[in-house]
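Participant: With the sequence up front, the predicted model follows.
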Amino acid sequence: MSRTDAERRGELRDQVVRLYRANRRQGHAEWRGADYDYTCPSAETYPFQWFWDSCFHAIVLSRLDPPRAEAEIATLLLAQRDDGFIPHMVRWADDPRDSDPDAPYRIAGEQPRLSSSMQPPILAEAVAAVAEHGRGAAFLREVLPAVRRYYDWCLRERDGDGDGLITIFDPHESGMDQTPAYDALLGIEGDDPAAFEAAWRRIGQSNEALGQDPARIVERDVFVVADVAVNVLYAENQLVMSRLLSVSGDHDAAGALEERGRRTVASLFDRCWSNGDQDFHALAGQAQHMLPAGTLAGLLPILLEDLPADRADRIARRLEDPADYGTAFPAPSVSVANPAYRAAPAGGTVLWRGPTWINTNWYIARGLRRHGRDDLADRIAASSLALIERSGFREHYDARTSQGYGARDFAWSALALEMARD
């Protein structure tokens, strides 16, 4: 007798509870003079705290254990600098598996435990989820000043020309480290992990030599990219932040964040869209020339409520087309029509070049629902659940066969539980 959908969701919930219990990390950081409580992405592979992972973890925890979800956010904010910046990685405790703590692309920063890189700025939506399922306005009063400082840092330090698009200064800051969109800019051909390592080190060492100063990094122009996915999430989170500020009674600040979010949306639509190939492209360098498309980033604008109907339809058709993104287990991180597409990660470590990721599925499904495509969103949600049932909580999955790759017991893949609730 087959299980009902409710039974499958119940089993998934139980599995998520066990996973998040196993991946919990608590202790006291002498170097910070503070207690920490966070969920590591993978106990086996990623023992530290990562920015956007923690935001996803807080979203999942917000319905399972609201106080612990608050602790996830609070621990992330403990690493915030006075200027508002929050690093992409924090090493709260020593771990022998951190084999190369001095790699510039990984942990370069003002001190050995904090990186100088950002990650996709999704903090506002994590805070919104925790407030909604927890203490509401009381929680917002505690954290919103710090969260606002973070988005002010994004504007001040990463949107130098004021066009609404923020720039990233190394591939890791996109969260999609080895996406083929960057290959030409990095001077990489093929899938050799060593080539990526060399390129990352070159960029990291250049940025470190410039003191991580945004103006100098932009002027040197080694790797300065207005990434589509990063800016879609930046736009979405500025608008979420506007709503949170409004709820808290700070209507002037809410209006400013809404205006900023709308500016980001407008620039994405006006400057990153190509009528030629009907796709969204990242912009590189001071000249802001378009980088190659054909990657998952071009689908993520479906999340934006103001996306024109013809572009939303175009994205939906691509998700349905088996020669594009309509694989057996969508959505692959690269279109199967892209010559760079690989079903499995090359060398086991070259990521975001084909396999499906649950976190991006979560965004795509949400966006499809906003644009009236519940049928397609349901398919992606069902596929995401099937991936976990077949291969467990893995970092990413073969979009054709469902085989899991990368880290095991990977915590943000629990976002499938959020999709199962829709």
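Facilitator: Sure thing, it's come through. Numbering: from 1, shown residues only.
Participant: residue contacts, residue 410?
Facilitator: By CB atoms under 8 Å, 6 or more residues apart in numbering, the residues touching residue 410 are 41-42, 45, 393-395. (Glycine included, C-beta is placed from N, CA and C.)
Participant: try residue 187
Facilitator: residue 199.
Participant: so how far is residue 195 from it?
Facilitator: According to CB to CB, to the nearest Å, residue 187 stands 8 Å off from residue 195.
Participant: Now for the two: what residues contact both?
Facilitator: Counting by CB under 8 Å, 6+ apart, nothing touches both residue 187 and residue 195.
Participant: List buried residues within the contacts of residue 410.
Facilitator: 41-42, 393-395 (16 or more other CB atoms under 10 Å).
Participant: among these, which are in helices?
Facilitator: Nothing among the buried ones among the contacts of residue 410 maps onto helices, per DSSP state H.
Participant: got those residues as a markdown table, with pLDDT columns?
Facilitator: As requested, these are exported to a markdown table (pLDDT from 0 to 100):
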| residue | pLDDT |
| --- | --- |
| 41 | 97 |
| 42 | 96 |
| 393 | 98 |
| 394 | 98 |
| 395 | 97 |
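Participant: Turn these into JSON lines, including distance to residue 333.
Facilitator: Output for those, formatted as JSON lines (distance: CB to CB, whole Å):
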{"residue": "41", "distance to residue 333": "17"}
{"residue": "42", "distance to residue 333": "18"}
{"residue": "393", "distance to residue 333": "18"}
{"residue": "394", "distance to residue 333": "14"}
{"residue": "395", "distance to residue 333": "11"}
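Participant: Tell me which helix or strand the residue lying closest to residue 80 once chain neighbours are set aside sits in.
Facilitator: Leaving aside its chain neighbours, residue 80 sits nearest to residue 86 (4.9 Å; criterion: CB to CB, 6 or more residues apart in numbering). Under the criterion DSSP states H and E, no helix or strand holds residue 86.
Participant: can you give me the helices for the stretch 201-350 of the chain?
Facilitator: 214-220, 228-247, 251-271, 309-320 (DSSP state H, counting those that start in this stretch).
Participant: ranking those helices by burial, who's on top?
Facilitator: Most buried of these, by mean neighbour count (mean count of other CB atoms under 10 Å): helix 228-247, with a mean of 24.
Participant: starting at the chain centroid, how far to that one?
Facilitator: 13 Å (CA atoms, centre = their mean, to the nearest Å).
Participant: Pretty sure residue 190 sits in a helix.
Facilitator: No: Residue 190 is assigned coil when assessed by DSSP: H, G, I helix; E, B strand; the rest coil, not a helix.
Participant: Number the residues from 162 up from this point.
Facilitator: From this message on, residue numbering opens at 162, which makes the last subject residue 351.
Participant: can you tell me how far residue 368 sits from residue 336?
Facilitator: Counting by CB to CB, the gap from residue 368 to residue 336 is 18 Å.
Participant: helix/strand/coil for residue 560?
Facilitator: Assignment for residue 560 (three-state DSSP): coil.
Participant: How confident was the prediction at it?
Facilitator: Confidence at residue 560, expressed as pLDDT, is 97.
Participant: what about it, how many residues close to it?
Facilitator: Neighbours of residue 560 under the rule other CB atoms under 10 Å: 26.
Participant: One more: the one 5 residues further on?
Facilitator: If you count neighbours by other CB under 10 Å, residue 565 ends up with 21.
Participant: Please name the residues that touch it.
Facilitator: Counting by CB under 8 Å, 6+ apart, residue 565 touches 548, 551-553, 555-559.
Participant: Just flag the most distant two among these.
Facilitator: Comparing all pairs in those by CB to CB, the longest separation belongs to 551 and 556, at 14.8 Å.
Participant: what about the helices of the stretch 362-511 of the chain, which gets the closest to residue 291?
Facilitator: Of these, nearest to residue 291 by CB to CB is helix 389-408, at 10.8 Å.
Participant: Any chance of the helices of the stretch 362-511 of the chain in TSV with distance to residue 292 and mean pLDDT as columns?
Facilitator: Output for the helices of the stretch 362-511 of the chain, formatted as TSV (distance: least, CB to CB, whole Å; pLDDT from 0 to 100):
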stretch	distance to residue 292	mean pLDDT
helix 375-381	31	96
helix 389-408	7	98
helix 412-432	15	98
helix 470-481	29	98
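Participant: now for those helices, which one comes closest to residue 225?
Facilitator: Taking the helices of the stretch 362-511 of the chain one by one with CB to CB, helix 389-408 is closest: 21.0 Å.
Participant: still on that earlier bit, please check the contacts of residue 565 and keep the buried ones.
Facilitator: Buried by 16+ other CB under 10 Å: 548, 552, 555-559, out of the contacts of residue 565.
Participant: of those residues, closest to residue 433?
Facilitator: Using CB to CB, these come closest to residue 433 at residue 557, 24.8 Å.
Participant: By average pLDDT, which secondary structure element in the protein comes out worst?
Facilitator: Within the chain, confidence by mean pLDDT, DSSP states H and E is lowest for helix 265-268 among all helices and strands, at a mean of 45.
Participant: those strands in the stretch 462-583 of the chain, which residues are they?
Facilitator: Taking DSSP state E, counting those that start in this stretch as the test, the strands found in the stretch 462-583 of the chain are 555-558, 565-569.
Participant: Tell me which of these sits nearest to residue 179.
Facilitator: Nearest of the strands of the stretch 462-583 of the chain (CB to CB): strand 565-569, 13.4 Å.
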